[in-house]
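Chemist: this is a predicted model, with the sequence first.
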Amino acid sequence: LDQDDEVKTGTGNSMYSGTVSIGTSGSFSMSDPTRGGNNTTDLNGATSGNGTLFTDPDDTWGTGAASNRQTAAVDAHYGAQLTWDYYKNVHGRNGIFNNGQGARSRTHYGNAYVNAFWDGTQMTYGDGSGNTHPLTSLDVAGHEMSHGVTEATANLNYSGDAGGLNEATSDIFGTMVEFYANNSTDPGDYLIGEKININGNGTPLRYMDKPSKDGASKDCWTTTTGGLDPHYSSGPLNHWFYLASEGTGSKVIGGVTHSSTACDGSTIAGVGHDVAAKVWYRTLSTKLSSGSTYKDAREGAINSAIELYGAGSAQCKGIEAAFTGISVPA
Ligand code: ASN
Ligand code: ZN
Ligand code: CA
């Protein structure tokens with residue numbers, strides 16, 4: 001271990017998650033040797049290149065305000081860290097590629113860029129525009145990096161039913177990273193992007209309990225679902241995940257009142273988000289492939305639940321009932 005690779009723990013003043021501990025190294029770089037070398041760079045408005053690795057003389061980073069350019073980096077680095085830890089500690093996955101290799105997170109992409117993306121190799125975050133804050137919240141980071149996990153496993157297409165399964169997988173694990181972080185400032189809530197004010201009016205980007213609340217996503221699967229933009233055909237699987245986890249009815253989660261109903265009006269008892277996520281990770285990594293459909297997802301998830309919990313288990317019944325609850329037939 002070179003002196004400059006020495007493992008350090010920095011203090012980050014994040015925008016969305018309060019004061020957090022972040023993995024750093026040397027004296028001091030925003031590069032995390034304990035997580036495959038996950039590192040965070042400053043594009044400083046560029047739209048290409050690797051950016052410049054963030055460094056700091058005292059290992060205390062950011063101020064919590066977007067005006068300090070380290071702040072977005074703290075959130076991005078923390079998001080990569082929590083996503084790494086979630087996949088490692090919950091699913092035994094060693095990084096996005098399951099090879100121990102970390103990834104770069106590039107911040108301050110372009111000018112007033114209102115998006116974030118995974119490009120097959122690395123994460124990139126825009127600063128937002130107008131009322132929209134930097135796109136570096138925990139659920140967005142978990143969402144984008146989970147596109148990498150999907151690519152490295154089922155490799156779901158980005159069109160047809162598979163496109164919706166792809167997008168929903170990112171929302172599911174983005175939400176699970178939020179639950180895993182257990183951060184009181186940004187609790188798990190089955191909403192996507194509630195922190196970044198992407199619509200400028202305080203509403204989130206997506207709602208898993210009732211996806212149609214965004215005005216475009218579908219709650220229930222039909223034969224026309226696959227023709228939609230993947231961000232809308234994701235609705236039924238997001239709804240499945242909520243129903244499988246929490247069941248039908250009304251409850252407050254992460255300070256948000258959710259109310260979910262099954263498409264056929266049935267009553268569903270949730271089996272908890274940890275079970276639903278375990279089943280979905282197994283489905284993604286062992287049952288699905290590029291052209292998979294919602295029907296394949298149902299069959300794969302039921303088989304995964306049988307393997308994990310046994311046929312006839314309450315978990316298996318809940319997983320199956322939730323697929324019926326989004327109108328995916330047997
Ligand atoms: N933020 C978007 C997403 O992950 C980027 C894209 O259009 N693929 O869905
Ligand atoms: Zn996405
Ligand atoms: Ca959220």
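Modeler: Arrived safely, thanks for sending. Ligands and ions are numbered 1, 2, ... in the order given.

Chemist: give me the contacts around the helix or strand harbouring Val279.
Modeler: Taking DSSP states H and E as the criterion, Val279 maps to helix 273-286. Under the contact criterion Cβ atoms under 8 Å, 6 or more residues apart in numbering, helix 273-286 has outside partners 90-91, 93, 149-150, 153-154, 169, 172-173, 175-176, 179, 188, 241, 244-246, 270, 297, 300-301, 304-305, 307-309, 315, 318-319, 322. All C-beta atoms are positioned from the backbone trio N, CA, C, and that covers glycine.

Chemist: is it up against ligand 3 anywhere?
Modeler: No. Shown here: helix 273-286 not in contact with ligand 3 (Cβ under 5 Å from the ion), separated by at least 12.4 Å.

Chemist: how about low-confidence regions in the stretch 1-150 of the chain?
Modeler: Low-confidence segments of the stretch 1-150 of the chain, defined by pLDDT under 70: 1-4.

Chemist: apart from its neighbours in sequence, what residue is nearest the closest residue to ligand 3 within it?
Modeler: Of all residues in the stretch 1-150 of the chain, Asp139 sits closest to ligand 3, at 3.9 Å by Cβ to the ion. In space, and not counting its chain neighbours, Asp139 is closest to Gly174: 4.2 Å by Cβ to Cβ, 6 or more residues apart in numbering.

Chemist: check the one you found and give its pLDDT.
Modeler: On the pLDDT scale, Gly174 is placed at 98.

Chemist: can you count the residues close to it?
Modeler: The number of residues packed near Gly174 is 25, by other Cβ atoms under 10 Å.

Chemist: isn't it right up against Glu194?
Modeler: No. Contact criterion Cβ atoms under 8 Å: Gly174 and Glu194 do not qualify, at 11.4 Å.

Chemist: need the overlap of contacts for the two.
Modeler: The contact sets of Gly174 and Glu194 overlap at Asp139 (Cβ under 8 Å, 6+ apart).

Chemist: before we move on, back to that, how much space between the residue nearest to Asp139 and ligand 1?
Modeler: Here Gly174 is placed at a distance of 9 Å from ligand 1 (Cβ to the nearest ligand atom, to the nearest Å).

Chemist: out of the contacts of helix 273-286, which are buried?
Modeler: Burial by neighbour count, judged by 16 or more other Cβ atoms under 10 Å, picks out 90-91, 93, 149-150, 153-154, 169, 172-173, 175-176, 179, 188, 241, 244-246, 270, 297, 300-301, 304-305, 309, 315, 318-319, 322 from the contacts of helix 273-286.

Chemist: can you tell me which of these are in helices?
Modeler: 90-91, 149-150, 169, 172-173, 175-176, 179, 241, 244-246, 297, 300-301, 304-305, 309, 315, 318-319, 322 (DSSP state H).

Chemist: excluding sequence neighbours, find me the nearest residue to the residue in the chain that ligand 1 sits nearest to.
Modeler: Distances between the chain and ligand 1 by Cβ to the nearest ligand atom are smallest at Phe117, namely 4.4 Å. With Cβ to Cβ, 6+ apart as the measure, Thr124 is the residue that lies nearest to Phe117, at 5.4 Å, once sequence neighbours are left out.
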